[in-house]
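# sequence and computational prediction follow.
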Amino acid sequence: MAPPAPKDEPLPAVAAKPSAAGRAIPILLKLSALLTAAVTAGYLVVHMGTTDIWVPLGVIAIGLALSLIQWRLSEPF
């Protein structure tokens, strides 16, 4: 009986070196996420006297959501 034929193994993937623009976009997205979080916190500090509770809750929800989306998009898959 003949030995089984060797299987073709796939070559390991070689990671491409990111270009300068590829390195700058994640940094800009992280800075934008931090800026969004800072503006959200600043708005809440300035408008603490708002009688309606839904305005600060909406600002927190939207500000944090945008900030988290930007932060997540800055990370590699």
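Good, I have the coordinates.

# which secondary structure elements does the helix or strand bottoming out on mean pLDDT in the chain sit against?
In the chain, the helix or strand scored least confidently by mean pLDDT, DSSP states H and E is helix 20-46, which has a mean of 91. Contacting helix 20-46 under the criterion 3 or more Cβ pairs under 8 Å, 6 or more residues apart in numbering; DSSP states H and E are the following elements: helix 54-73. Heads up, the C-betas are built off the backbone N, CA and C, glycines and all.

# quick one: the helix it packs on to helix 20-46, angle?
160 degrees (axes from the mean of the first three to the mean of the last three Cα atoms, to 10 degrees).

# quick one: contacts of helix 54-73?
Here helix 54-73 makes contact (Cβ atoms under 8 Å, 6 or more residues apart in numbering) with 29-30, 32-34, 36-37, 39-41, 43-44, 47-48, 50.

# just the buried subset of those residues, written out for PyMOL, thanks.
Restricted to buried positions by 16 or more other Cβ atoms under 10 Å, the PyMOL selection for the contacts of helix 54-73 reads:
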select buried, resi 29+32+33+36+37+40
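
# burial measure for Leu68, as a count.
Number of residues near Leu68 (other Cβ atoms under 10 Å) recorded here: 13.

# can you check Ile62 too?
Ile62 sits with 12 neighbouring residues when counted by other Cβ under 10 Å.

# next one, pLDDT for it please.
Note on Ile62: pLDDT of 96.

# for it, give its distance to Thr36.
Distance of Ile62 to Thr36, given as Cβ to Cβ, to the nearest Å: 10 Å.
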